[in-house]
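Student: Predicted structure and sequence below. I'll ask about it afterward.
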Amino acid sequence: MKHVDSALTHLVCPECGKQFEADETQTYCQECRSPLLARYNLDAARKTLTRENLQERGKGIWRWSEILPVRSQAYRISLGEGGTPLLPAENLGKDLGMKALFIKDEAGNPTGSFKARGLAVAVARAIELGLRNFVIPTAGNAGGALAAYAARARAKAFIFMPMDAPQSNQVEVRIAGAELTLVDGLISDAAKQANAAAQEHGWFDVSTFKEPYRCEGKKTMGLELAESFGWELPDVIIYPTGGGTGLVGMWKAFDELEELGLIGSKRPRMVSVQATGCAPIVRAYQENNERAIFWEGAHTVASGLRVPGVFADRLVLRAIRESKGTALAVSDEQILTSQKLMAEREGIFAAPEGAATLAGLEQLLANDWIDKEERVVLFNTGSGLKYLT
C-alpha cells in the first residue's frame, strides 16, 4: 500500500477536556483517572481516506492509516491482523426467525483473537516513541498478542496472568520469548503486580485504557463493519464486554467515519454482554450509575469477561446509553450451550466470550428488545481452540 500520513494531532481526556501532546509518551489523565482518546485532523484525512482509495488498498488494519496514530510506515508492524470476515449466520437466523443475522469472526487474527488489533497499534506507536519494554496484566489473550508483537518488533514483553488462565495463552507467551509471571488471583490482582513491576523497572504499561492506542487498533473493527455493509451501519451490535476497549473504539470510529463523510448519522444500538458471575457494567447500567463498582468474587468460564474493575467504565456506559443500547448478563451454562450451538449451526468454534453474544441475542429476542427484521451483528472475539485444556 502506498504510504499515507497519519492525521494524528493530539490526545484528549473525555472527562475534563484537557489536551495532551501526542508525540510524547502518555498514559491516562491522572486528575480524572480517565483514558485518553486520540484526535485527528479529519479535514486532512478526508482528502485521501475515500471509498475509492480504500478499494485500491490491501487488507488489514493499516489501510486506515490516516486515522491510526503511527506516523512512520517503518513502524507499522503487522502479523496480518484485521480484515476478518463478516459472516451471514443464515442457519442460526432461520432458527431464530431473523432475516439479517451476522457474525464478525475475529478468530482469524494473529494469536487467535481480536486482541491482535489493539496490541499491534499500541506496540507500534510505543516503539515509534522510543519505548522497548512492555508490561501487561491479562486474562490470557492480550498477553499472547503482546508477546507476539513485541517479538515482531524485537522488544521485550513482561506478562502477568492469573495462574488458571488457559494453557494455550501461557504457551504462546513463553514460546514468543516473553517473561510470564503467573498470579494467584484475578486479572485485577495481576494488574497490581504488573503496575508494581512497571514502577520498579521502568517498563511501559499497556493495560486496557492505561495507554491511548489499543483503543485505536480495536476501532478498526467498526471501520471494517461499516465498509462491509456498504457504508450503512447495522441496527444492533452485540459485544462481549470485559475491559470494553472494542465497544468504546467502535463507537469512536463511527463518529470519525461520519466526519469523514463516509457514513451518515445512523448508529447501531450497542449491547454489552457480560457473565452473571462478573457483570459490573450490567449492574451499573441497570442501576443508572455513571461508574461501575468493583465486582467481588468474579467467576466465569469466559476468562476474557472476568474483569471485575473496568477502568473505562464511564466511556463504556456512555456508548451504551448514547446509542440507546442495553447491557445484560448471561450464565456460564448459557454461554456453553451457545458455544455448542454456534459450532453446530454455523461451523464457528467461538471463544466463550463470543458465544455469550448469542446467549444475549436469545434473551433480547425473548424480551422483544430486538425486532426480527433488524440487521444484527454478533462479535466472536476469538477462537474456541484457545480454551482447550
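Tutor: Thanks, I have it. The model shown is predicted, which means the values in this text are computed figures rather than measured ones. Numbers count the residues shown, from 1 in each chain.

Student: going forward, measure contacts between C-alpha atoms and count neighbours the same way
Tutor: Fine.

Student: Stretch 292-312 spans what distance, first to last residue?
Tutor: One end of stretch 292-312 to the other measures 9 Å (CA to CA, to the nearest Å).

Student: List the contacts of that stretch.
Tutor: 34-35, 139-141, 165, 186-188, 208-209, 240-245, 274-281, 283-284, 313-314, 332, 351-353 (CA atoms under 8 Å, 6 or more residues apart in numbering).

Student: Please identify the buried residues of it?
Tutor: 292-295, 298-312 (16 or more other CA atoms under 10 Å).

Student: tell me, how many neighbours does Cys29 end up with?
Tutor: Per other CA atoms under 10 Å, the neighbour tally for Cys29 reads 21.

Student: so where do the helices sit in this structure?
Tutor: Assignment of helices within the chain using DSSP state H yields the ranges 42-45, 51-55, 90-96, 115-128, 141-152, 167-175, 187-201, 214-218, 220-228, 245-259, 280-286, 313-322, 332-346, 352-366.

Student: what's the spacing between the third one and its chain's center?
Tutor: Read it as helix 90-96. 26 Å (CA atoms, centre = their mean, to the nearest Å).

Student: Kindly reformat the helices of the chain as CSV containing mean neighbour count.
Tutor: As requested, the helices of the chain are exported to CSV (neighbours: other CA atoms under 10 Å):
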stretch, mean neighbour count
helix 42-45, 16
helix 51-55, 12
helix 90-96, 15
helix 115-128, 26
helix 141-152, 26
helix 167-175, 18
helix 187-201, 17
helix 214-218, 27
helix 220-228, 21
helix 245-259, 22
helix 280-286, 22
helix 313-322, 21
helix 332-346, 18
helix 352-366, 24
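
Student: now these in TSV, with distance to Arg71 and mean pLDDT?
Tutor: Below are the helices of the chain laid out as TSV (distance: least, CA to CA, whole Å; pLDDT from 0 to 100):
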stretch	distance to Arg71	mean pLDDT
helix 42-45	13	97
helix 51-55	19	95
helix 90-96	41	98
helix 115-128	8	98
helix 141-152	18	97
helix 167-175	28	95
helix 187-201	26	93
helix 214-218	14	98
helix 220-228	17	98
helix 245-259	18	98
helix 280-286	35	98
helix 313-322	26	98
helix 332-346	40	98
helix 352-366	33	98
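
Student: closest one to Tyr387 among the ones you listed?
Tutor: Proximity to Tyr387 (CA to CA) singles out helix 167-175 among those, at 6.9 Å.

Student: and the closest one, how far from the chain's centre?
Tutor: Using CA atoms, centre = their mean, the offset of helix 167-175 from its chain centre is 21 Å.

Student: ok so, going back, same list (the helices of the chain) but as TSV, adding distance to Arg375.
Tutor: TSV is the format used below for the helices of the chain (distance: least, CA to CA, whole Å):
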stretch	distance to Arg375
helix 42-45	29
helix 51-55	22
helix 90-96	11
helix 115-128	25
helix 141-152	29
helix 167-175	34
helix 187-201	35
helix 214-218	22
helix 220-228	12
helix 245-259	17
helix 280-286	23
helix 313-322	18
helix 332-346	17
helix 352-366	12
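
Student: Nice, that's everything, thank you.
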